[in-house]
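Q: return atomic coordinates for the entry below.
(chains A and B)
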Amino acid sequence: MARLIRTEKEVEGRYEEVWLVVEEDALEQWPAGPREIVGRPATRIDGLERARGEAVYTADLKLPGMLHTAVLRSPYAHARVARIDLAPALALPGVHAAIGPGELDVLVEECGFQGVAVAAVCADTYAQARAALAAIEVDFEQLEVLIDPDEAVARGELIGEPRVRERGDLERGLAEADVVVTGEYRTQVVLHNSMETHQAVVQWLGDSLEVYISTQYIWGVRDEVSSSLGLPPDKVRVVCHYMGGGFGSKNEAGDFTFIAIELAKRTHRPVRCALTRREENLASGNRNATIQRLTIGARADGTLTALGGDYVNATGWGGWSSPVEGPMQMLYACENVKTTTWAAKINQPPMKAFRAPGFVEGTFGLESLLDVLAAKLDIDPLELRRHNYATNDAADGRPYSSKNLLECYRRAEPHWERRHEVRARSTETVKRGVGMASQIWYGGGGPPSYAWVRVGADGRATVVTAMQDIGTGTRTAMAQIAAEELGIPLAHVTVSLGDSARGPFASISAGSSTTPSMGPAVRAAAADARRQIEEIAEQRGTPDAPLGEIVGLLEDAQILGKGGRGPNPTGMQVLTFGVQVAEVAVDVETGEIWVDRIAAVHDVGRVINPLGASSQIEGGIIQGIGHTLSEHRLHDPRTGQILTTSLDAYKLPTFADVPEIVSELIDEPDMQLTNLGSKGLGEPPIVPVAAAISNAIRDATGAEVHELPISREEMLRALRAAALKEKVGAPAGI
Amino acid sequence: MELRRASSLELDGGTPLHGGTELVPLLRSGIVQAETLVDIRGVVPRGIDGSTIGAGATLAELECDPQIPDALREACRLAASPQLRNVGSLGGNLLQSTRCWYWRLKWPCRLHRTSDGFGEECFAQEGEHREHAIFENGFCASAHPSDVAAALVALGATLRTNRRELPVADLYRLPSEDDRRTTTLEPGELLLSVELPQTDRSVYLKAMDRKSWGFPLVGVAAARTEGETRVALAGVAPIPWLLEGSLDDATPLPRNAYKVDVARALVKRAVSSLEAS
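A: Numbers count the residues shown, from 1 in each chain, chains lettered A, B, ... in the order given. Predicted structure coming up:
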């Protein structure tokens, strides 16, 4: 019997209550460890399609009669459109329509950041649209810019109220401490720079709308578009079969979709609106910069007595205040904790979620300062972390649904032991060291999410669900789960996804939630189909016959299974954990840094596809290395205008920057979590990278890094500061 | 825009195109405007013949040729990415423009024409200049990005064009109030070949923001001939910089003093590696 229940849902640390329809059916989890198919490495079922260029991305789509759009974006960080005349653009060849401020919500007159959309033109070709854009007559009145986040906080220019989270008494905790360390850490703006830029192709079919879009959330786009246009949701069909990455930046419809919809309406033609790489570097979201002023108090034995943090998110003109204080609140047992987080509203492009938003930045600050404490107390950094291990959720006392961080630490020991041998290989100019950092993050997923499984007379199955594969290999994982439950080979399962008109509601692919949200629904649907097949076998008196033989009689009849995602365990905190150990070399004269090796041990419950999982870990670590060492979106300090708008100026890591990566997973199902026991792995691997590297640098050189990226100038500054400290701190007479 | 193939070294006002790795982005961003592009790959010499290198040789060809002195070979190997080196030519590399973001984004700086002459400000000086010049940055703080040019200046190479012969160093000029150009190349003049004098040993060392595909924060070329060492730097001045004085003479901006430290370390290493032989 179907039941309607209300349950709590978490996405990237933000909670909401949702209604949920669940079936009275609790499948037992599979026993731990690799099964026939689940838990064993599988190459991507769509790998050949992608490699051959047959996979159709939004960027590949060409609809008959499709028009192309160019968008006029504010060149200034703060300005008002004083005058705009679209007529010269409309007069040019090939141009079909032009829209400006006042004609669409996403086209604005007051521009709070460089890159905000002001006007748009569509034409037969993209070149014509660009030419028309240049013909628009527009005068901007430049306004005073506010770009310093501390100044914004001082002036009270904030997004939302400051977030204060407090337990115990910080002052008392500091008074009880034998040692207090403080530090100010800064992180930079970094960009998602997905391979496929943000884009949509839309067409109206009568009063229905088709939206082809590179998105992490088909159903979110459907709701956003339908409610904004006042259409019944099912009049909006959203399609995303393949996408070239998102990393958190593609959770919403975006200005480009609404521009395309309006232009398609006016021209009665399909319309494409795609960001260029330069627009992508301005107007598609970012991981905002942070300033973190941190204090840790501890007793001589290493017991943490106080954790304090003042955090400033340089959020931008919009967006939300990412949980940069999360690691300080949640990672370690400590009775006295107080954090305050401000979201500075400045004339910079709005932040968007970016692979563990807040936790990546916050882990860098907290875990760097924790190693400073370890050195001061002369306690091994790994032991210090073990000593302050939290057995219940450190922030609110709830029990964890599962936590194997101690096992992660244990598995990290051989990697950590290498530090003696690594250090010994130092030379006069190249110092080597090893550092570690812990990881905490969400990743439990949640309801609602649904899937159907269809089995035909050929004994093959199709999983049908309107989810999207963000590029992580979701199709393959879902096929593995269905094949396992049905007891058929992986090659006999296909997955139909990516279309809101062809399948039931499915989860967002954000917050490391796809596998833990969708996997249980797919398994439930496959189990439903299997049960029906078993019932048929029972009736035919052949209960032990193979599936193919039983369904072989079906002709055009089909077995249809359906399944839903149940709620997360009540009153429990569902989190992911891990630890990474980095080995680095630092040229102390030139400030050059080499990351030689990173060992990653993560606890994400049951692993569905070990091959896909190691790819996720590698991808997260590589993106983390970019964040740590080279990526930096720079702006002009006087005008706030962005200076790094191309991929030669904005420095993503190259393969030459990639170290040896050792991936290990605990692979212990979370017995409290769903019929699968799996958590997500999309975000965890990027969380500890920066801190592990900065701690390794400290181990190698004694230099304390305080800023990301650890550029030549930051590395040389830290080395100079360390040398000075040594000189000043040396006993008299030496 | 029209594209035609050159049949001789006379381009009739057309804009020469070789590998296109620099020209095409500049055309796209509107910094270079051209009505006619002339493909010069058929008329510019390409081969390597002893000490003479055709200006049409790609960086990829130079980086794997054992006849080429170490400084030039390493400068090629450490430049750009394999894909870019496969098409980028020696001549084009010598004529590339600065990576200064203000210049690339067409801020009306001193090197850009405006409606009434040239810009009157160097935005980098008061702005974001971590990648900029530490020598001769008073008028324009742009940094010259060519690894190859620094190597050739250190090697004392000579250039042959369709009009003249000149030391590589003389291809470049510091921009000034009266003349904003950064090269001495005349309209219609084409680089044809480079002549390398005999050197005993040479080396190129480079600091960049990542391990591959990075312009030099600092590049140091050093060449030793008959006991004398010449050092030239990339990424430290608006032109390839022959280091005649000391790095103490550098005039860094507030946020690029680190380049002096990096240069000092690399120069010391380069020179001592040559002396070690």
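
Q: near chain B, which residues of the stretch 601-734 of chain A?
A: Contacts of the stretch 601-734 of chain A with chain B, taken as CB under 8 Å from any CB of the partner chain, map to A:629-630, A:634-638, A:641, A:643-646, A:648-649, A:651, A:653-657, A:711-713, A:716-717. In this view, the C-beta of every residue, glycine as well, is placed from N, C-alpha and C.

Q: please pick the buried ones from these.
A: When burial is judged by neighbour count using 16 or more other CB atoms under 10 Å in any protein chain shown, the buried members of these are A:629-630, A:634-636, A:641, A:643-645, A:649, A:651, A:653-654, A:657, A:711-713, A:716-717.

Q: in a helix, residue A:523, correct?
A: Yes: counting by DSSP: H, G, I helix; E, B strand; the rest coil, residue A:523 falls inside a helix.

Q: just checking, it touches residue A:565?
A: No: counting by CB atoms under 8 Å, residue A:523 stays clear of residue A:565, with 9.7 Å between them.

Q: kindly tell me how buried residue A:623 is, as a neighbour count.
A: Counted with other CB atoms under 10 Å in any protein chain shown, residues neighbouring residue A:623 total 23.

Q: quick check: the spatially most central residue of chain A vs residue A:477, distance?
A: The residue lying closest to the centre of chain A (CA atoms, centre = their mean) is residue A:355, at 2.3 Å. Plainly put, residue A:355 is 19 Å away from residue A:477 if you go by CB to CB, to the nearest Å.

Q: do residue A:62 as well
A: 31 Å.

Q: dump the residue contacts of residue B:196.
A: By CB atoms under 8 Å, 6 or more residues apart in numbering or on different chains, the contact list for residue B:196 reads B:51, B:52, B:53, B:69, B:72, B:152, B:155, B:157.

Q: run through the bridge partners of the second one.
A: Read it as residue B:52. Beta-bridge pairing of residue B:52 under DSSP bridges involves residue B:49, residue B:195.

Q: pretty sure it is touching residue B:197, no?
A: No: counting by CB under 8 Å, residue B:197 is not a contact partner of residue B:52; they are 11.3 Å apart.

Q: can you tell me how far the residue of the stretch 1-150 of chain B found nearest chain A is from residue A:30?
A: Relative to chain A, the nearest point of the stretch 1-150 of chain B is residue B:101 (4.0 Å; CB to the nearest CB). Residue B:101 is 55 Å from residue A:30, where distance means CB to CB.

Q: show me where the stretch 1-150 of chain B dips below the pLDDT cut-off.
A: Scanning the stretch 1-150 of chain B for pLDDT under 70 picks out no residues.

Q: around chain B, pick out the residues from chain A.
A: So chain A meets chain B at A:587, A:589-592, A:594, A:629-630, A:634-638, A:641, A:643-646, A:648-649, A:651, A:653-657, A:711-713, A:716-717 (CB under 8 Å from any CB).

Q: would you map the strands across the stretch 551-700 of chain A?
A: Here the stretch 551-700 of chain A has its strands, by DSSP state E, counting those that start in this stretch, at A:559-564, A:576-587, A:593-603, A:660-665.

Q: any part of stretch B:210-222 near chain A?
A: Yes: Stretch B:210-222 reaches chain A (CB under 8 Å from any CB) through B:210, B:211, B:212, B:213, B:214, B:215, B:217.

Q: quick check: end-to-end length of that stretch?
A: One end of stretch B:210-222 to the other measures 23 Å (CA to CA, to the nearest Å).

Q: quick one: distance of that stretch to the chain centre.
A: Offset of stretch B:210-222 from its chain centre (CA atoms, centre = their mean, to the nearest Å): 12 Å.

Q: from residue A:470, how far off is the residue lying closest to residue A:367 once chain neighbours are set aside?
A: Spatial nearest neighbour of residue A:367, chain neighbours left out: residue A:691 (3.5 Å); criterion: CB to CB, 6 or more residues apart in numbering or on different chains. From residue A:691 across to residue A:470, the span is 26 Å (CB to CB).

Q: dump the strands of the stretch 551-700 of chain A to a markdown table, plus distance to residue A:428 and mean pLDDT.
A: Converted to a markdown table, those look like this (distance: least, CB to CB, whole Å; pLDDT from 0 to 100):
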| stretch | distance to residue A:428 | mean pLDDT |
| --- | --- | --- |
| strand A:559-564 | 63 | 96 |
| strand A:576-587 | 11 | 98 |
| strand A:593-603 | 16 | 98 |
| strand A:660-665 | 25 | 98 |
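
Q: tell me which of those strands lies nearest to residue A:248.
A: Among the strands of the stretch 551-700 of chain A, strand A:576-587 comes nearest to residue A:248, with 16.1 Å by CB to CB.

Q: and that closest one, what does it pack onto?
A: Using 3 or more CB pairs under 8 Å, 6 or more residues apart in numbering or on different chains; DSSP states H and E as the contact test, the elements touching strand A:576-587 are helix A:405-417, strand A:430-441, strand A:593-603, helix A:689-701.

Q: residue B:206 against residue B:148, yeah?
A: No: between residue B:206 and residue B:148 there is no contact under CB under 8 Å: 11.4 Å.

Q: intersection of neighbour lists for these two?
A: Contact with both residue B:206 and residue B:148 is made by residues residue B:75, according to CB under 8 Å, 6+ apart.

Q: which one of those two is surrounded by more residues?
A: Neighbour comparison, residue B:206 and residue B:148: the larger count goes to residue B:148, with 31 against 22 (by other CB under 10 Å).

Q: which SS state does that one fall under?
A: Strictly by three-state DSSP, residue B:148 counts as helix.

Q: residues in contact with it?
A: Going by CB under 8 Å, 6+ apart, residue B:148 touches B:59, B:72, B:75, B:76, B:79, B:90, B:93, B:94.

Q: pretty sure the second one is touching residue B:150, no?
A: No: contact status for residue B:72 versus residue B:150: not in contact, 9.9 Å apart, counting by CB under 8 Å.

Q: okay, those two: which has more neighbours?
A: Set residue B:72 next to residue B:150 and count neighbours by other CB under 10 Å: residue B:150 wins out with 34 against 30.

Q: name the nearest residue to that one, ignoring sequence neighbours.
A: Distances taken as CB to CB, 6+ apart place residue B:234 nearest to residue B:150, at 3.8 Å, with adjacent residues excluded.

Q: returning to what we had before: which neighbours do residue A:523 and residue A:565 share?
A: Common neighbours of residue A:523 and residue A:565, using CB under 8 Å, 6+ apart, do not exist here.

Q: among the residues of stretch B:210-222 next to chain A, who's most crowded?
A: Neighbour counts for those (other CB under 10 Å) peak at residue B:217, which has 25 neighbours.

Q: tell me the contacts of that residue?
A: By CB under 8 Å, 6+ apart, the residues touching residue B:217 are A:712, B:131, B:207, B:208, B:209, B:235, B:259, B:262.
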